[in-house]
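1. need coordinates for the below:
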Amino acid sequence: MKQLNTLENTSLLDIYLSTGNVVEPHIHQNAAELVYCISGSAVVSLLNPFTNQILNLPIKPGQVANIPKAWWHYEIATADNTHLLAIFDAPTPEVIFGSDMLRLTPTNIMAHTYCLDEQQWKQAVSPIQSTTVIGPPANCNQNREMKNHPPHPPAQHHNPYRQDSYYFPFYWGY
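-> Purely as a prediction, here's the structure:
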């Protein structure tokens, strides 16, 4: 993350994606994030920890999605030549990627915790050899139909952030 442009407690990250590319599920434990769409289109998805529901926020040029600090989230491009600008409220946002959680947690712990067959779990995660960041890998032949089908159910149109203790206003930008 040394290539991030920073200004005081703000940092920016350019993200370039093709249709079906995913910025893998991850969290920023020290930063909130705004995802601004410059070109193309994407769906920003996040797990609301208060309702345990996935929120799917489609964005197109000029629109922005707000991701509160430490919320599990990911982005999927729905058009080629998608350019997103991630804006963080930290000079160096920290990140924990899902691929690292899956591949680095000992298989016996995952199997024991979730009552899984350890060998099946080991086989399932064996293709994940390093941090993914943007997926799927170029050599992945699994389920290439992603380009022909929407990656998510329709977006929810109620205010998904409204909670008794936290309120993050929904903002689409101009």
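
2. hey, let's count contacts and neighbours off CA atoms from now on
-> OK.

3. show me where this structure has its helices.
-> 98-104, 107-114, 118-125 (DSSP state H).

4. output these as TSV; include the columns mean neighbour count and distance to residue 73.
-> Formatted as TSV, the helices of the chain follow (neighbours: other Cα atoms under 10 Å; distance: least, Cα to Cα, whole Å):
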stretch	mean neighbour count	distance to residue 73
helix 98-104	16	10
helix 107-114	13	21
helix 118-125	13	20
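
5. nearest to residue 14, of these?
-> Nearest to residue 14 among the helices of the chain is helix 98-104 (20.3 Å), distances taken as Cα to Cα.

6. may I have the closest one as CSV, with CA atoms only?
-> Output in CSV follows, covering the C-alpha atoms of helix 98-104 (Å, rounded to 0.1, in the frame of the first residue of the first chain):
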residue,chain,number,x,y,z
GLY,A,98,-10.7,-13.2,2.8
SER,A,99,-8.2,-15.3,0.9
ASP,A,100,-5.7,-14.9,3.7
MET,A,101,-8.3,-15.9,6.4
LEU,A,102,-9.2,-19.0,4.4
ARG,A,103,-5.7,-20.2,3.5
LEU,A,104,-3.9,-19.2,6.7
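
7. start the count at 42 instead of 1 going forward.
-> Fine by me, first position is 42 from now on; the one you just mentioned is helix 139-145.

8. now that helix: how far from the chain's centre is it?
-> Chain-centre distance of helix 139-145: 14 Å, with Cα atoms, centre = their mean, to the nearest Å.

9. closest one to residue 67 among the helices of the chain?
-> Closest among the helices of the chain, using Cα to Cα: helix 139-145, at 5.4 Å.
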